[in-house]
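Participant: Need coordinates for the below:
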Amino acid sequence: MPAPRRRKQGNGDKDVASVSSTSNEAPETRNAHGLFWLRIGAVALAFALYANAIALCGFCYDDLSAIVDNPDVLNAQGDGAMSSFGQVWRNDFWGTPIDHRLSHKSYRPMVTLSFRLDAMVTAEPWLFHLTNVALYGVCVWMVATHLLAPLCGEKVNLEAVFLATLWFTTHPVHTEAVTSLVGRAEVLAAICGVLGTRWVSNGRILPAMAIFGVGCLCKETAVMIPAIVAGVDVAAEVLGPSHDKHSRFPRIVAMITTAGGYLALRTWITGGTQTVATSYVDNFLQHLGPMDKLRTALYIQAVYMQLLLCPTQLSCDYGFAVIKPVRAWLSPEMGAVTVVLSGIVVWAVYAVTTLRRTGKTLPLLTLAWTLGPLIPASHIVPIGTVLAERLLFVPSIGVAMLLAHVVTTVRPRLVWPLRFGVLVSALWFGAMTVRRNPDWVDIATLHTRDLATHPTSIKLLQAAADRNKEHNFDYAFECAEQAQRLVDREPPGPGESAPPFDAGVSTMAFLKTKTDSWSKANATESLQYSLRVINEIGYNNSGGNAGWSNVHKVLGIGYLKLATPTQDQKLLKQAESALSTSILYDVQKKDSESHCRLGMVLGMLGHPSKGYEEFQRCFSMEQAVGAESQTSDIQNFAVLMIDLMGLQKQDLTGAKQWGEQAAAATQRVLDRLPVDASDRRTQWEHILAEINRLRKSAT
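Facilitator: Just a heads-up that it's a prediction; the model follows:
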């Protein structure tokens, strides 16, 4: 009679007897070896997925502000290195003094220091991207080692760890945290959070408090991780079975102290202020009524869950009107919210039931790691964005933990569908990741690709209009008008004013100044629209940003355009006031265009010496940063300046000096233009000829 077949053991455990019969190694040793090679393979996979990011991508999107334009990063070498090192601790993430009224209040000095270390070696973007990918590999290793493996029991279920690690490593939503360099904040915060959580579980409280503190100095949302640990411990004390009670009180106090200490430190450093008011386009939730804000915030959490579980499309922008205000409880958006909340409730009931019955906190921990880090992004407090994929990096660790737990505890006959589903998802995710990375090559590519994905994004439409306004006017005007139509279609809710098109108004007004049909009527319309933005957007004299500066610059452009034909002194005075305000709010001191236009206005008002000073500032700024983006306006005004200074005999020496620089800069533009750009070449050749004519007249 044949021997009875050995029953397969549940909970994902291997048959220890059968393993021992085919190997001289103990099961624990075989698991240790398997886990080691599993982690090596996961790190190698991470590098393979992001290799094209290292090879292709430059500084893109927010990288420009956080790295390229940030003196705290660029001054890592030279005589000013030590003084700039000190400024890292006094400035926000973007290099603005943290106590400045226009500071973003994002305090992440550890990330800025990591950028400085890269910059000390080279300012080329490949090293920054290599560092990001290496840190991602470290994070993958730590997640597998310190969270997933312990989650799978004393005899580690390698299949559960493998599937969860594979899902986490390949997830395409991580591209914004890895390929976008500013996403380093998320990865560093996750590394600190994972390591701190493991140290807490091993009883190493003081090192855990220290590493949690470092994580908070990488990204503000990391404060939720010690809060999660404390919350799970409190739940275990209150809900756990009586026979399993043991005091977690010291650990709870330590974690609360860590989170509270960081919040107190941040309040002291920032002066107790939050981020500045954001525009309607960047975060329209701040401008909604209470109920509309609640419904929309709930819907955004549903979108976050969809991106975690089924990321069909990725984008750098989810603002208005990719996501619109949810105005009714009975709507498709609230249907999605109901589905997501139902799933969360089911998992919460299971987690609490498991805790009460067995004392195990793992199900509750997975839920807390998934939802806890999203609390700061739930718009309870003002934030600068509607939704961002990078904010899902830490929550995705929670979903990976959930997957490992399910594979470990599910009935053996149900493992194969999970295995098949994860493997198919990993192939899909990996392909999406590799395909998504090149979108971050530069900002023009990113905006173009994402505008194709989200054609209703006002922010991307405005960016397309601004980027194309010089060389593709018709397309630029079409994008600006489409953005305006999208805003006009959104009726205001109760107690709300009409949504101001703040992000696009400057481009729309500028484009109108370029049209052949420009008249006082449509000039006035644009200026009134700009004024409406200023009055309604929520900026004030104690806050603002580059957009605030830009709107005033456009006002100055419009007034100058109106004043030029008749030399209207009142309009020129208004132009002077608007341009001066624009310069005041230019925190980074890089907007040379406003100085250039102000110089022209002052000359027309009869103050050539002051105008000359503004032109000096303009050209000094251009030379300092090597900027060429505003060359056409600068050279046109240089022509007018020469006319004003030279022909009126106010400053012949200045006329000669600026004439030479204007001619040289114009020639550089001509040298860069393609041979087939005949219309533009003709335009610039005419400008050069005019400059040379004025130079002769000035002598």
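Participant: residue nearest the centroid of this structure?
Facilitator: By Cα atoms, centre = their mean, the mean C-alpha position of the chain lies nearest to D62, the distance being 6.0 Å.
Participant: In this structure it contacts A185, no?
Facilitator: No: assessed by Cβ atoms under 8 Å, D62 is found out of contact with A185, at 10.4 Å. C-beta here means a position set from N, CA and C on the backbone, and glycine is covered the same way.
Participant: circling back to that earlier point, got the contact list for the residue nearest to the centre of the chain?
Facilitator: Counting by Cβ atoms under 8 Å, 6 or more residues apart in numbering, D62 touches 180, 182.
Participant: What distance do you get for it to H174?
Facilitator: Going from D62 to H174 by Cβ to Cβ, to the nearest Å gives 16 Å.
Participant: got the CA coordinates for stretch 37-45 in PDB?
Facilitator: C-alpha atoms of stretch 37-45 as PDB (Å, rounded to 0.1, in the frame of the first residue of the first chain):
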ATOM      1  CA  TRP A  37      20.500  36.400  -3.800                       C
ATOM      2  CA  LEU A  38      16.900  37.600  -4.000                       C
ATOM      3  CA  ARG A  39      18.100  41.000  -2.700                       C
ATOM      4  CA  ILE A  40      21.100  41.100  -5.100                       C
ATOM      5  CA  GLY A  41      18.700  40.300  -8.000                       C
ATOM      6  CA  ALA A  42      16.300  43.000  -6.900                       C
ATOM      7  CA  VAL A  43      19.000  45.700  -6.700                       C
ATOM      8  CA  ALA A  44      20.300  44.600 -10.100                       C
ATOM      9  CA  LEU A  45      16.800  44.900 -11.500                       C
END
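Participant: Which residue comes closest to H454 once chain neighbours are left out?
Facilitator: Spatially, and ignoring its direct neighbours in sequence, H454 is nearest to V322 (4.6 Å; Cβ to Cβ, 6 or more residues apart in numbering).
Participant: Over to R198?
Facilitator: Nearest non-adjacent residue to R198 (Cβ to Cβ, 6+ apart): H146, at 3.8 Å.
Participant: Can you give me the distance of the one you found to V88?
Facilitator: As for H146, its distance to V88 is 29 Å (criterion: Cβ to Cβ).
Participant: Show me which of these two is the more surrounded one.
Facilitator: Neighbours per residue (other Cβ atoms under 10 Å) separate H146 from V88, with V88 holding more: 22 against 18.
Participant: Next up, the contacts around the more buried one.
Facilitator: V88 makes contact with 72, 109, 112-113, 116, according to Cβ under 8 Å, 6+ apart.
Participant: ok, which stretches of the stretch 51-200 of the chain are helices?
Facilitator: 51-56, 62-63, 71-74, 81-88, 109-121, 125-142, 149-151, 158-170, 175-178, 184-201 (DSSP state H, counting those that start in this stretch).
Participant: looking at the ones you listed, which is closest to D439?
Facilitator: Ranking those by proximity to D439 (Cβ to Cβ) places helix 175-178 first, at 8.2 Å.
Participant: Only C-alpha atoms, please: export that closest one in PDB.
Facilitator: Output in PDB follows, covering the C-alpha atoms of helix 175-178 (Å, rounded to 0.1, in the frame of the first residue of the first chain):
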ATOM      1  CA  THR A 175       9.800  57.100 -11.700                       C
ATOM      2  CA  GLU A 176       8.900  60.500 -10.300                       C
ATOM      3  CA  ALA A 177      10.800  59.700  -7.100                       C
ATOM      4  CA  VAL A 178      13.900  58.200  -8.900                       C
END
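Participant: Can you name every helix or strand that it contacts?
Facilitator: Other helices and strands packing on helix 175-178, by 3 or more Cβ pairs under 8 Å, 6 or more residues apart in numbering; DSSP states H and E, are helix 125-142, helix 184-201.
Participant: Relative to V422, which of those helices is closest?
Facilitator: Nearest of the helices and strands packed on helix 175-178 to V422, taken as Cβ to Cβ: helix 125-142 at 15.6 Å.
Participant: Report all helices and strands that that closest one contacts.
Facilitator: Judged by 3+ Cβ pairs under 8 Å, 6+ apart, helix 125-142 is in contact with helix 27-49, helix 51-56, helix 109-121, helix 158-170, helix 175-178, helix 184-201.
Participant: OK, contacts around H174?
Facilitator: Counting by Cβ under 8 Å, 6+ apart, H174 touches 136, 393, 396, 433.
Participant: hmm, back to that, and the residue nearest to H454, what element?
Facilitator: Of the helices and strands defined by DSSP states H and E, none includes V322.
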